[in-house]
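Q: Okay, sequence plus prediction incoming.
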Amino acid sequence: MLFNPALKYLSMSKLRSTGKVLLMHALLLLCVLSGVTRAEWVVRDANIMGTTIHAEVWHDNPVVAREAADLVLQTMHEVNQSMSPYIERSELSEINRSAAQRAIRVSAPLYEVIERAQYYSGLTDGAFDITYASVGYLYDYRHSVRPGDRQLKQHLAGVNYQLIVLDPASKTIRFQHPDVRIDLGGIAKGYAVDRAVSRARALGIEHILVSAGGDTRILGDRQGRPWVIGIRHPIDKEKVIAKIPLVNEALSTSGDYERYFDEDGVRYHHILDPRTGDSARMVRSVTILGPQAMQTDALSTSVFVMGPRRGLALLESLDGIEGIIVDSDANLLFSSGLQNVE
Ligand code: ADP
Ligand code: MG
């Protein structure tokens, strides 16, 4: 949930005010300082799943806090081993090699993530679609490589979530077309964050923040104060467009500045519109707030593809979900739960 006394920080004029941002910095510093004097926070940073993992854990007993922090990193490694498309022996790679020929049995966590991905495909009318990867692999953002029109058209035949057949009884997955590939980059980090937090909670942890790149989940508060999460400006890296005070919440940001290259004034980036196989360009960034990171992760990617009008309509239809969109003209748009906060 949003931390009520500080909701006013979400108003547009205030978001733009440097004074307020400085004040929030001071508050954040205060939080950190009080944390140091009153309890032990265990902090861990690592590079796993191709992104930066950050965990902050508190417990009366520092041994328990350290054990939980280790468990967070272990969870990230486990999810990566199963769901990475870059690890040849991962279950995901095996699916992509063989699921067009025969039904592949998968682990319960992977089955759950794919099933949830399919749910979001239905909810978003195909804007969220893990088979985007059937064209996604033709892009190489680091080397400014993109498919030509003919190549794109040809491979688009494999982009359609309805070509995935899941069998809940045998926990198998099968593709109905030889060109289908899947990638869980739009949902697996959220899943991993939720799983890490729930494992920490099972150890007795009530105050924790876990983030994997743009996906964050928070349990409890930070020494009686909210956690303060900054959302960066999509164009100016140094600028923060909003500092959001939160307790017990998940949030995810998708931006066109994560993996991209520019060519003739056009940005080619890692979030693709499954209908065209081209990068989605109606927005620059989307931040979603909600109870669970798997939800906010899938929805930030979805709303990015759907654009401001359809994206906001989707957010309004969902209970407990709010969002902030930076559109292609750099306007800030808020879902209704964040608008009338002054
Ligand atoms: P990140 O935190 O990696 O920037 P996002 O949550 O913004 O991730 O999602 C972007 C990732 O989602 C891409 O890197 C890709 O793996 C995957 N993706 C891209 N387009 C789609 C789509 N239309 N549906 C589902 N997943 C997608
Ligand atoms: Mg996402």
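A: Arrived safely, thanks for sending. Keep in mind the model is a prediction, meaning the values are calculated, not measured. Numbers count the residues shown, from 1 in each chain. Ligands and ions are numbered 1, 2, ... in the order given.
Q: tell me which element S300 is part of?
A: helix 293-317 (DSSP states H and E).
Q: any bit of the helix or strand just after that helix sitting next to ligand 1?
A: Using DSSP H and E, the helix or strand that follows helix 293-317 towards the C-terminus is strand 322-327. No - among the residues of strand 322-327, none lie within reach of ligand 1 under C-beta under 6 Å from any ligand atom; the closest is 13.1 Å away. (C-beta placed from N, C-alpha, C; glycine too.)
Q: Give the other helices and strands that strand 322-327 contacts.
A: Other elements packing on strand 322-327 under the criterion 3 or more C-beta pairs under 8 Å, 6 or more residues apart in numbering; DSSP states H and E are strand 240-246, strand 283-290, helix 293-317, strand 332-334, helix 336-339.
Q: Ok, which of the ones you listed comes nearest ligand 1?
A: Across those, the minimum distance to ligand 1, taken as C-beta to the nearest ligand atom, is reached by helix 293-317, at 4.1 Å.
Q: Okay, angle between that closest one and strand 283-290 too, please.
A: Between the axes of helix 293-317 and strand 283-290, defined by axes from the mean of the first three to the mean of the last three C-alpha atoms, to 10 degrees, the angle is 100 degrees.
Q: most tightly surrounded among the helices and strands packed on strand 322-327?
A: When neighbours are counted by mean count of other C-beta atoms under 10 Å, the highest per-stretch mean among the helices and strands packed on strand 322-327 falls to strand 283-290, a mean of 26.
Q: Strand partners (parallel or antiparallel) of that one?
A: strand 249-255 (antiparallel), strand 322-327 (antiparallel) (DSSP bridges).
Q: Need the mean per-residue confidence for the shortest one.
A: Averaging pLDDT along strand 322-327 gives 95.
Q: residues contacting the residue of the stretch 51-200 of the chain found nearest ligand 2?
A: When scored by C-beta to the ion, the stretch 51-200 of the chain has G186 as its residue closest to ligand 2, at 4.6 Å. Taking C-beta atoms under 8 Å, 6 or more residues apart in numbering as the criterion, G186 is in contact with 117, 128, 130, 254, 271, 297-298, 301.
Q: In three-state terms, how would R195 be classified?
A: At R195 the chain is in helix, as set by DSSP: H, G, I helix; E, B strand; the rest coil.
Q: Excluding chain neighbours, what is closest to it?
A: With sequence-adjacent residues excluded and distances taken as C-beta to C-beta, 6 or more residues apart in numbering, R195 is closest to T75, at 5.3 Å.
Q: neighbouring contacts of the strand or helix carrying the one you found?
A: When secondary structure is defined by DSSP H and E, T75 falls within helix 62-83. Taking C-beta under 8 Å, 6+ apart as the criterion, the residues outside helix 62-83 that touch it are 40-44, 46, 48-49, 53, 55, 57-59, 87, 90-92, 107, 109-110, 113, 184, 188, 191-192, 195-197, 199-200, 203-205, 208, 210, 212.
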